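J.: got a structure for you, letters missing:
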């Protein structure tokens with residue numbers, strides 16, 4: 001059967017028309033997808049700004065389904081899951097991004113950083129450590145080291161924390177001498193718990209060399225020497241603390257008085273404490289002087305001086321006990337007044353973190369609330 005060439009007049013235009021129609025349909029579909037994806041994305045952002053996180057997640061999921069290749073949508077969704085505490089879902093989103101072979105290196109590093117944060121927030125520290133360590137040599141190296149430092153502090157791995165702090169200091173990120181000294185002091189406590197006092201002392205001496213102004217090493221060395229029956233050495237260490245960090249001497253003023261008394265240095269200690277009290281009057285110094293001062297008249301004068309400088313309930317209670325007012329009261333009345341003052345003063349005889357306000361009866365070098373170092377002033381709340 002012969003082919004009639006006249007059919008070409010119909011076939012060629014029909015094929016051209018069908019091709020044109022197909023391209024139009026593809027273009028319309030592409031435009032519709034591009035229009036729908038940003039619409040869902042901006043809808044999610046709007047819901048997020050209005051604190052409607054559940055609806056925002058639904059909108060972001062819709063946007064991701066409409067355009068699964070857009071990494072920004074995945075980042076937004078994963079970070080939102082992390083903020084809500086849905087760490088497993090956040091991990092899945094960011095692991096998907098890390099495994100994608102079409103992502104540029106910078107985006108993959110960003111996804112790795114986000115994944116490490118997911119593990120850290122979830123408390124999976126071993127996976128977080130591995131993920132942050134993988135970021136060494138990338139643009140996120142500095143952030144990864146800081147996160148590792150926080151991770152090692154939380155897991156109380158003080159040796160690794162000290163190593164990371166030294167690396168951060170080498171990179172020009174600021175001075176970490178004070179924190180390194182704290183890590184060494186923590187290691188010293190662990191050594192002492194194992195009955196390895198020689199190792200503990202070496203660590204404390206290293207801490208003192210790393211940060212001479214840091215009070216903690218002097219405090220721990222002095223207390224160790226006092227426990228070992230070396231009061232003269234303990235007193236000398238506390239005097240060195242007074243030279244390097246006068247304000248922190250308040251923490252060990254009473255212990256210094258006891259060590260000096262045991263070492264037969266009462267007169268020397270009395271003169272040193274009296275001179276320091278004139279410059280930095282405080283309740284701890286006053287009580288330390290009471291250990292060494294036999295003259296009650298001088299003690300009373302110092303108490304009046306302290307009340308003028310720091311009008312505290314504790315000082316007022318002591319003055320009442322020593323004054324003629326007590327002589328005009330019955331024993332029962334004096335006891336009631338003393339009990340009432342004790343009760344009112346008790347909340348004020350605490351230490352308060354300057355960063356977060358966490359209060360404790362015990363002095364902390366690292367705040368249990370905000371985990372910052374050296375945020376507790378060495379004075380009670382009523383003296384601040």
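T.: Received the coordinates, thanks. Model, not experiment: these values are computed from the prediction.
J.: pull the number of nearby residues for residue 155.
T.: 15 (other CB atoms under 10 Å). Where C-beta positions appear, they are placed from N, C-alpha and C, glycine not excepted.
J.: just residue 280 next, same as before
T.: Around residue 280 there are 17 residues (other CB under 10 Å).
J.: can you pull the contacts of it?
T.: Under the criterion of CB atoms under 8 Å, 6 or more residues apart in numbering, the neighbours of residue 280 are 246-247, 249-250.
J.: likewise residue 180?
T.: 162, 165-166, 169, 207, 210-211.
J.: for residue 356, same thing?
T.: With CB under 8 Å, 6+ apart, residue 356 has these contacts: 367, 369-370, 372, 375.
J.: can you redo the contacts of residue 280 as JSON lines with secondary structure?
T.: Output for the contacts of residue 280, formatted as JSON lines (DSSP: H, G, I helix; E, B strand; the rest coil):
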{"residue": "246", "secondary structure": "coil"}
{"residue": "247", "secondary structure": "helix"}
{"residue": "249", "secondary structure": "helix"}
{"residue": "250", "secondary structure": "helix"}
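J.: of the residues you listed, grab the buried ones for ChimeraX.
T.: Per 16 or more other CB atoms under 10 Å, the buried members of those correspond to this ChimeraX selection:
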select :249,250
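J.: could I get the contacts of residue 280 as CSV with pLDDT and distance to residue 224?
T.: Below are those laid out as CSV (pLDDT from 0 to 100; distance: CB to CB, whole Å):
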residue, pLDDT, distance to residue 224
246, 89, 22
247, 89, 22
249, 91, 17
250, 89, 20
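J.: and of the contacts of residue 280, the nearest to residue 122?
T.: residue 247 (40.3 Å; CB to CB).
J.: from memory that closest one sits against residue 378, does it?
T.: Yes - counting by CB atoms under 8 Å, residue 247 does reach residue 378; the two are 5.9 Å apart.
J.: which one of the contacts of residue 356 is nearest residue 83?
T.: Closest to residue 83, out of all of those and judged by CB to CB, is residue 370, at 19.9 Å.
J.: returning to what we had before: which two of the contacts of residue 280 have the greatest separation?
T.: 246 and 250 (8.8 Å).
J.: which strands and helices sit next to the strand or helix carrying residue 90?
T.: For residue 90, the element it lies in under DSSP states H and E is helix 87-99. Applying 3 or more CB pairs under 8 Å, 6 or more residues apart in numbering; DSSP states H and E, one finds that helix 87-99 contacts helix 71-83, helix 105-122.
J.: and these as JSON lines, adding distance to residue 94, mean neighbour count and mean pLDDT?
T.: JSON lines is the format used below for the helices and strands packed on helix 87-99 (distance: least, CB to CB, whole Å; neighbours: other CB atoms under 10 Å; pLDDT from 0 to 100):
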{"stretch": "helix 71-83", "distance to residue 94": "5", "mean neighbour count": "19", "mean pLDDT": "77"}
{"stretch": "helix 105-122", "distance to residue 94": "4", "mean neighbour count": "20", "mean pLDDT": "90"}
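J.: would you format the ones you listed as TSV with distance to residue 282 included?
T.: Formatted as TSV, these follow (distance: least, CB to CB, whole Å):
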stretch	distance to residue 282
helix 71-83	45
helix 105-122	41
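J.: and the next helix or strand past the helix or strand hosting residue 232?
T.: Residue 232 belongs to helix 231-244 when assigned by DSSP H and E. Downstream of helix 231-244, the next assigned helix or strand under DSSP H and E is helix 253-262.
J.: could you tell me the angle between that next one and helix 231-244?
T.: Compare the direction of helix 253-262 with that of helix 231-244 by axes from the mean of the first three to the mean of the last three CA atoms, to 10 degrees and you get 140 degrees.
J.: chain center to helix 253-262, what's the gap?
T.: 33 Å (CA atoms, centre = their mean, to the nearest Å).
J.: where does pLDDT dip in the stretch 51-200 of the chain?
T.: Within the stretch 51-200 of the chain, the ranges that satisfy pLDDT under 70 run 51-71.
J.: what stretches of the stretch 201-350 of the chain score poorly on pLDDT?
T.: Looking at the stretch 201-350 of the chain by pLDDT under 70, you get 295-296, 313, 315-347.
J.: no further questions, thank you.
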